[in-house]
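Visitor: Just to be clear, the model below is a prediction. Sequence and coordinates:
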Amino acid sequence: MKKRYYLVVILLAFLPLKSIAQQKSTYIKAGTLYDSKNNRLLKNKLIHVKGTKIVDVSDFKSLPDNTEVIDLTAYTVLPGLIDAHTHVLFSQEANEDFAEHSVHSLTMESDALRTLRGAKRAKSYLLEGITSIKDLGNSGLYLDVALRDAINEGTIEGPRIFASGPILAAEGGQIYGVLPEHQHIVELEYRIIKNVEDAKNAVREHVNQNVDVIKICADNIPNKTYLTVEEIKSIVDVAHSYNLKVTAHSITNQSALNAIEAGVDGIEHGFNLDDSTLDMMSEKQIFLVPTENSKTYMDTYVALAGYDEDDIDWIDGYVERMNKRLKRAIERGVPIVAGSDNYTDIKVSRGKSSKDMFRYYAEAGMKPLDILQSSTYISALFLGQDNQIGQLTTKSNADIIAVKGNINNDFITALDNVVFVMKDGKIYENEIE
């Protein structure tokens with residue numbers, strides 16, 4: 001019996017080594033490679049991929065015979081893009097009311113139907129070169145976690161998902177107008193925080209459901225309720241003890257100040273941030289995810305929503321104000337993370353709609369490489385995943401895409417022309433010529 005036992009132990013010890021040895025090696029020749037950590041373009045680089053990982057990035061060199069080579073010398077090769085603010089399990093028409101649609105979705109659509117629809121949306125990100133997303137609630141009771149797990153186990157195809165589970169919010173969440181006797185419906189979408197101790201327990205609940213990040217609503221506009229500084233601080237303290245980041249939905253400047261004082265890692269939206277608040281964010285290196293849309297998107301949105309021509313004068317002023325907000329943040333050194341927050345159906349795939357964020361950042365004056373860094377390395381840094389995603393380097397995941405066109409001179413066209421997508425070493429799209 002002892003001999004048989006030792007034999008089994010020896011065989012088990014060698015199995016992982018054999019598995020690694022049998023992993024497929026692929027070499028990718030990149031004519032231009034984006035170095036996201038140092039924010040620069042490099043010429044003629046060779047990426048060695050083995051299994052799901054990048055083994056090495058080096059200059060062009062002679063390769064062994066019978067080596068599989070993917071020739072991307074005519075293209076710009078990038079790390080897989082990251083959309084750091086999505087709601088894959090939520091969608092509404094442009095002319096629908098958010099609260100009414102939320103109640104309808106929670107009471108008249110099954111979780112199974114909602115998740116299947118989310119799966120279709122998720123795959124569309126992948127095909128657009130967005131290989132990772134940070135999904136921030138409005139996803140029922142941990143349906144985002146289930147979708148993440150289904151993708152990770154290979155049941156369905158989609159981007160890598162960093163899931164928050166239900167958003168932690170003050171009474172009422174963001175679903176306005178619900179009568180007192182029906183407030184329980186809100187708790188199907190938000191984790192309602194009652195007090196400081198309940199806030200701590202809410203984080204523990206999320207930890208037990210294996211979330212990747214904690215999302216809070218620092219304010220609930222148009223509902224008038226706020227989380228207190230003490231409640232947010234208790235959330236942050238417990239989350240950080242489990243090595244989870246906390247990011248805060250914030251519309252008003254005061255709610256952002258509350259979240260910053262409480263120690264959050266990021267601010268989502270931040271539409272009304274004062275200069276002094278941006279200075280605090282810069283000093284503390286709190287990430288900003290500015291979720292806005294381009295003028296082109298806004299024109300499409302108001303047309304689908306049925307606005308009269310006399311009712312759209314506000315668009316130009318709104319877009320200009322948001323552009324200035326982003327410039328003020330950049331000038332003060334606030335780290336910018338790219339996130340779309342596009343959950344309205346504008347009659348294109350969700351992944352394609354998501355890429356409008358690049359157009360917005362460009363219209364607001366961000367330089368092409370800075371936009372790329374915000375949607376790769378800085379986004380990964382925010383997630384604490386900078387050694388795994390967001391850059392093409394030794395031991396990082398083999399999330400690699402290629403675009404056709406000049407990044408610096410025709411950025412939007414190039415980003416719209418994704419010809420190659422690899423995630424975890426598996427090719428999902430290959431239209432190279």
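Guide: Done, it's in. Numbers count the residues shown, from 1 in each chain.
Visitor: How is Val57 assigned, secondary-structure-wise?
Guide: strand (DSSP: H, G, I helix; E, B strand; the rest coil).
Visitor: My read is that it contacts Asn44, right?
Guide: No: under the criterion of Cβ atoms under 8 Å, Val57 makes no contact with Asn44, lying 11.4 Å away. Glycine gets a C-beta too; all of them are placed from N, C-alpha and C.
Visitor: Of the two, which one has the most company?
Guide: Neighbours were counted for Val57 and for Asn44 using other Cβ atoms under 10 Å; Val57 has more, 20 against 12.
Visitor: OK, contacts around the more buried one?
Guide: By Cβ atoms under 8 Å, 6 or more residues apart in numbering, Val57 lies in contact with 33, 45-48, 392-394.
Visitor: can you do 7 Å?
Guide: 45, 47, 392-394 (Cβ atoms under 7 Å, 6 or more residues apart in numbering).
Visitor: Most neighbours among the residues you listed, please name it.
Guide: Leu392 (27 neighbours).
Visitor: Identify the residues contacting Val419.
Guide: 75, 402-404, 431-432.
Visitor: Narrow those residues to those in strands?
Guide: Counting by DSSP state E, these place 75, 402-403 in strands.
Visitor: Would you tell me which one of those residues comes nearest to Ala248?
Guide: Closest approach to Ala248 among these (Cβ to Cβ): Val403, at 32.8 Å.
Visitor: Go ahead and confirm that closest one touches Ala414.
Guide: Yes: using Cβ atoms under 7 Å, Val403 is in contact with Ala414, at 4.8 Å.
Visitor: and stretch 162-179, how far apart are its ends?
Guide: 33 Å (Cα to Cα, to the nearest Å).
Visitor: Mean confidence (pLDDT) on that stretch, please.
Guide: For stretch 162-179, mean pLDDT rounds to 97.
Visitor: cool, stretch 391-400 as well?
Guide: 97.
Visitor: Ok, stretch 262-275 next?
Guide: 97.
Visitor: Let's see that stretch as PDB, backbone CA atoms only.
Guide: Taking C-alpha atoms only, stretch 262-275 is exported to PDB below (Å, rounded to 0.1, in the frame of the first residue of the first chain):
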ATOM      1  CA  ALA A 262     -14.500  58.200   4.200                       C
ATOM      2  CA  GLY A 263     -11.600  56.900   2.200                       C
ATOM      3  CA  VAL A 264     -13.100  55.500  -1.000                       C
ATOM      4  CA  ASP A 265     -10.800  54.400  -3.900                       C
ATOM      5  CA  GLY A 266     -12.700  55.900  -6.700                       C
ATOM      6  CA  ILE A 267     -15.500  58.300  -7.700                       C
ATOM      7  CA  GLU A 268     -17.900  57.300 -10.500                       C
ATOM      8  CA  HIS A 269     -19.400  60.100 -12.700                       C
ATOM      9  CA  GLY A 270     -18.400  63.100 -10.600                       C
ATOM     10  CA  PHE A 271     -20.400  65.500 -12.800                       C
ATOM     11  CA  ASN A 272     -20.400  68.400 -10.300                       C
ATOM     12  CA  LEU A 273     -17.000  68.300  -8.800                       C
ATOM     13  CA  ASP A 274     -15.500  71.600  -7.500                       C
ATOM     14  CA  ASP A 275     -11.900  72.400  -8.200                       C
END
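Visitor: Go through that stretch and flag the buried ones.
Guide: 262-271, 273 (16 or more other Cβ atoms under 10 Å).
Visitor: So what's the gap between it and the chain middle?
Guide: 17 Å (Cα atoms, centre = their mean, to the nearest Å).
Visitor: now do stretch 78-85
Guide: 7 Å.
Visitor: Quick one: mean pLDDT for it?
Guide: Stretch 78-85 comes out at a mean pLDDT of 98.
Visitor: And for it, what's in contact with it?
Guide: By Cβ under 7 Å, 6+ apart, stretch 78-85 touches 34, 36, 125, 129-134, 136, 268, 289, 291, 337-341, 354, 372, 375-376, 379-380, 382, 389-392, 399-401, 403, 423.
Visitor: Could you look up the next helix or strand downstream of the one helix or strand Ala239 maps to?
Guide: For Ala239, the enclosing helix or strand under DSSP states H and E is helix 229-241. Counting by DSSP H and E, the element after helix 229-241 in chain order, helix or strand, is strand 246-250.
Visitor: Now find how far off-centre the helix or strand just after that following strand is within its chain.
Guide: For strand 246-250, the following helix or strand on the C-terminal side (DSSP H and E) is helix 253-262. When distances are taken as Cα atoms, centre = their mean, helix 253-262 is centred 22 Å away from the chain's centroid.
Visitor: angle of helix 253-262 against helix 229-241?
Guide: Taking axes from the mean of the first three to the mean of the last three Cα atoms, to 10 degrees, one finds helix 253-262 and helix 229-241 inclined to each other by 50 degrees.
Visitor: Helix 253-262 vs strand 246-250, what angle?
Guide: 170 degrees.
Visitor: and helix 253-262, which residues are buried?
Guide: 253, 255-260, 262.
Visitor: which other residues reach the helix holding Ala239?
Guide: Taking Cβ under 7 Å, 6+ apart as the rule, helix 229-241 contacts 168, 193, 196, 199-200, 203-204, 214, 216, 218, 246, 258-259, 261-264.
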